[in-house]
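Trainee: here is a sequence with its predicted model. Questions after.
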Amino acid sequence: MRLKHLSEKLLQLARAEAGLGASAGAVNLLPALDVVVDDFRRTLRSEGTLHYEVSPDANLFATMDVDAFGIAIRNLLENAHRYGDLSQPITVRAGAGSVEISNGGASVPADRLSRLTDRFVRASDRGQGAGLGLAIVVSLVQQAGGHLELISPVQGSDKGFMVRIVLPTS
């Protein structure tokens, strides 16, 4: 299973490096977010819960390829599940030009947080990740003119981890 996961991540990285991230024109990414979140919720079964919130001013029209966006969101959800506290929900929030994914796991020390988007760097030794997910997400998001923010602990707590994708909207 670990080899399959690593192969999948390496293929995603290769696609990202080939320039998959950007689209020719603005695309509404909100329906893709709905699909990926719904699909991931089904895969959780009894292994945790997922809260999904779409703000009234949510606007995810951006020049990002829909498939690339799906890959990015799926990677972030997998990380939230793999490294989070399963007794705490994963929360996904869509807003004006941004998507936030957070979990209630342990906080990540600042020195490690600053390196998490590097290849083969993981937040902890827990889980069986390859340390490629965030590197893939950063590449795809940057190609679309956006950026990634890593926040730990989450606001109002002494633990947790949040990733915010910020996309230029049109």
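Mentor: Perfect, I can see it now. If you're wondering where the values come from, they're calculated on a predicted model, not measured in any experiment.
Trainee: now do the buried residues in the top helix by length along the chain.
Mentor: The helix that spans the most residues within the chain, counting by DSSP state H, is helix 66-83. By 16 or more other CB atoms under 10 Å, the buried positions in helix 66-83 come out as 68-83. Quick note: C-beta positions are derived from backbone N, CA and C, even for glycine.
Trainee: now do stretch 152-161
Mentor: For stretch 152-161, by 16+ other CB under 10 Å, it's 152-154, 160-161.
Trainee: also stretch 160-168?
Mentor: 160-167.
Trainee: next: stretch 92-100.
Mentor: Those would be 92-95, 97-100, for stretch 92-100 by 16+ other CB under 10 Å.
Trainee: and which of the buried residues of stretch 160-168 is nearest to Leu134?
Mentor: Nearest to Leu134 out of the buried residues of stretch 160-168 is Val163 (CB to CB; 7.6 Å).
Trainee: quick check: the closest one is in a strand.
Mentor: Yes - according to DSSP: H, G, I helix; E, B strand; the rest coil, Val163 belongs to a strand.
Trainee: who's it bridged to?
Mentor: When bridges are called by DSSP bridges, Val163 pairs up with Ile101, Leu150.
Trainee: my guess is it meets His147, correct?
Mentor: No - taking CB atoms under 8 Å as the definition, Val163 is not a contact partner of His147, at 11.2 Å.
Trainee: overlap in contacts, these two.
Mentor: Shared contacts of Val163 and His147 (CB atoms under 8 Å, 6 or more residues apart in numbering): none.
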